[in-house]
Structures are given as structure tokens and as C-alpha cells.
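1. okay, sequence plus prediction incoming.
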Amino acid sequence: MQKGPRATPPHRRRSPRSPRSPRGGARPPLAARLKRDWPMLLMVLPAVGLLAVFYYTPILGSVIAFQDYSPYVGIKDSPWVGLANFQWLMLDASFWDATLNTLSITAFQLVFYFPVPIMLAILLDSIVRPRVRLLMQSIVYMPHFFSWVLVVSLFQQMFGGAGLLSQILREHGYRGIDLMTNPDTFILLVTAETIWKDAGWGTIIFLAALAAIDQNQYEAAAVDGAGRWRRMWHITLPGLRPVIILLLILRLGDALNVGFEQFFLQRDAVGREAAEVLDTFVYWRTLLTGEWSYGAAAGLVKGVVGLVLIVIANKVAHRFGEQGIYQRT
């Protein structure tokens with residue numbers, strides 16, 4: 001009996017070549033990709049130009065970190081000192097104090113500030129009536145557009161020595177308090193200011209991620225008897241997990257950058273030991289003393305450490321099966 005042709009196993013079958021790709025799934029040539037994507041490239045061209053002019057071109061000026069730079073002679077004629085600025089930086093106790101303050105504030109805000117936009121987004125998403133939801137979103141977004149001068153002034157009026165809280169305490173026979181000049185509670189103060197100003201704005205990305213979750217999952221879970229908390233734990237949080245990990249990686253990469261204006265405005269009130277961070281350290285050691293190379297070395301260290309933290313955090317995310325910021329294709 002003659003046997004028919006043997007069937008090819010499914011895992012060894014080859015898919016037919018796409019008519020748009022003559023090399024069987026190979027990447028299209030550059031000319032074809034440019035012709036296909038030129039509208040998108042044209043749209044992002046202004047943004048790329050701004051990045052190139054205001055972000056990447058100034059990076060070339062980091063060479064002064066390896067020089068004894070003087071603005072009167074310029075980069076070309078400034079003497080080359082190699083790693084001397086970095087050696088002085090590593091021996092500077094004020095630099096390590098600023099680094100310790102920066103890392104302490106970052107770690108504290110990572111625990112007490114980072115979850116707030118997530119919880120606020122879940123709360124806003126649970127509001128059924130669209131008009132009420134829009135009103136609440138507008139209210140929590142508004143402080144983001146206030147300057148730090150206004151935010152610090154408002155907190156001064158509330159928690160300063162002559163603020164509203166102290167007046168209420170004095171009226172009831174208690175001693176007034178001044179949280180704005182207390183270095184022991186400064187980390188709580190700046191975290192509260194950050195939450196009030198930026199927590200609402202941080203909910204935008206999480207609200208977008210919540211809108212992308214399939215609502216049929218909630219309906220199916222409700223039919224199966226799952227309550228509100230169980231639906232949030234098994235549907236909402238897993239749906240937000242990729243965005244949470246992405247923003248967490250970015251926050252770790254920005255660990256040495258906690259802001260300048262907020263701490264600059266309150267530095268004199270609580271003292272250098274409590275409010276000195278790397279951004280203010282670079283300002284005071286560069287613009288006021290003229291040590292341009294020294295400040296550039298400190299800024300370069302910040303950038304390198306941030307890059308290393310992003311790479312490490314991204315690799316950890318890959319180990320746990322998440323996409324992270326980027327991945328190899």
C-alpha cells in the first residue's frame with residue numbers, strides 16, 4: 001500500500017513570505033522605512049531639535065570637569081587637570097553630606113509619595129459620575145501649575161511660627177509650633193509639599209493605564225462574586241504593574257535629583273545640614289565661588305550614577321518578566 005506524503009510537524013512549518021518583505025521577514029531597507037514613516041518623523045523633528053540644542057549639545061561642555069576651567073580663557077585654553085576635580089570631590093565632606101541628604105529624601109519619598117498618585121488614580125477612577133470626576137481631577141491637577149515660591153508661601157502661612165496652625169494652638173492654650181524652621185521634620189515637610197503639588201499631576205499616567213484595562217474582566221469577576229477589594233487586587237493592580245515598574249525605574253534613575261527650587265527656597269530657614277542636596281551643592285560651589293570645573297564634576301557624577309541605576313533597575317525588571325524601559329529585540 002503506497003503511503004501518502006508525510007505531514008510536516010507544526011513547529012517545523014515555515015510561514016509564507018510576506019509580499020511586502022522580499023527576504024522572508026527581514027527588516028525593510030532604510031529607504032523603504034523612511035518613505036513609510038516620514039509623516040511621523042516630520043512630526044517629532046521639532047522635539048528632536050529641542051532635545052539636541054538644549055540637552056545633548058550642552059553635554060559636550062562636561063569636558064570642563066577634567067579642566068581647570070576659567071570662563072575668561074574658554075574651554076580651548078583652560079589647562080587640563082584630568083581626574084583631579086573628582087579626587088577633590090570624593091574628599092569633600094560637604095559633597096557626601098549633600099549626597100546622603102539627597103538619597104535619604106529620595107528613599108523617603110519613594111515610600112510615602114510614590115504610592116499616592118496610584119491610590120489617587122484608583123479613587124478618581126471609581127467615581128461614576130463624569131462631571132464629578134472631571135471636577136475632582138481639575139482640583140487635584142491645579143497645584144501642579146503653582147510655582148514653588150507660592151507653594152512654600154502657602155505652607156508658611158499654614159505651618160510657620162505665625163501660621164494658622166500655631167494661632168489655633170495658642171488660642172486653645174497650647175504652645176505654637178514652627179514646622180518651617182525645624183530641621184528634624186524637614187524631610188516630612190518637603191514630602192508633604194511634593195504630595196500636595198505633584199500627586200494630582202502624577203495620576204494622569206495611571207488614569208490612562210486604568211482606562212486601558214478591559215472592563216469585561218471586572219464584570220466577569222463581579223459575576224463570580226469578587227468584591228471591590230478583590231477586583232482591585234487581582235485586576236486593577238496587575239493592570240497597573242507595567243506602568244508602576246516603568247515609573248519606578250525612572251524614579252530610581254532620578255534618585256540624585258530631588259529638585260532645586262524647593263530646597264533653595266527653604267535652605268536658609270532650616271540650615272545647610274538639613275536642606276543641602278546635590279542640586280543646591282552644585283549651585284553654591286559653582287555660581288557663587290566660581291569653581292566651574294568642580295561643579296561640573298559633581299554634575300557628571302550625578303548623571304553617571306543615575307544612568308547606572310536605570311540600567312540595573314531595568315535588568316531587574318527583565319528578570320521578573322517585565323518590559324521595563326527598553327529591551328533587546
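-> Thanks, I have it.
2. how many other residues sit next to the nearest residue to Ser147 once chain neighbours are set aside?
-> Distance criterion Cβ to Cβ, 6 or more residues apart in numbering; nearest residue to Ser147, sequence neighbours excluded, is Glu261 at 7.9 Å. (Each C-beta comes from the backbone N, C-alpha and C, glycine too.) Under the neighbour criterion other Cβ atoms under 10 Å, Glu261 is assigned a count of 14.
3. mind checking the longest helix of the protein?
-> If you go by DSSP state H, the chain has its longest helix at helix 292-319.
4. buried ones in it, by neighbour count?
-> Neighbour-count burial for helix 292-319, counted by 16 or more other Cβ atoms under 10 Å, picks out 292-302, 306, 309-310, 313-314, 317.
5. same check on stretch 149-160?
-> Under 16+ other Cβ under 10 Å, the buried positions of stretch 149-160 are Val151, Val152, Leu154, Phe155, Gln156, Phe159, Gly160.
6. any chance of these in TSV, with pLDDT too?
-> Below are the buried residues of stretch 149-160 laid out as TSV (pLDDT from 0 to 100):
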residue	pLDDT
Val151	94
Val152	93
Leu154	93
Phe155	93
Gln156	92
Phe159	90
Gly160	88
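7. what strand or helix carries the nearest residue to Arg230 once chain neighbours are set aside?
-> Excluding the flanking residues, the one nearest Arg230 by Cβ to Cβ, 6+ apart is Ala221, at 7.2 Å. Secondary structure assignment for Ala221, by DSSP states H and E: helix 215-223.
8. what's the following helix or strand after that helix?
-> Downstream of helix 215-223, the next assigned helix or strand under DSSP H and E is helix 228-231.
9. show me what secondary structure element comes after that following helix.
-> Per DSSP H and E, helix 228-231 leads on to helix 237-253 as the next helix or strand towards the C-terminus.
10. measure how far the next helix or strand along the chain from that next one is from the centre of its chain, please.
-> Downstream of helix 237-253, the first helix or strand assigned by DSSP H and E is helix 261-270. Centroid displacement of helix 261-270 relative to its chain, using Cα atoms, centre = their mean, to the nearest Å, is 22 Å.
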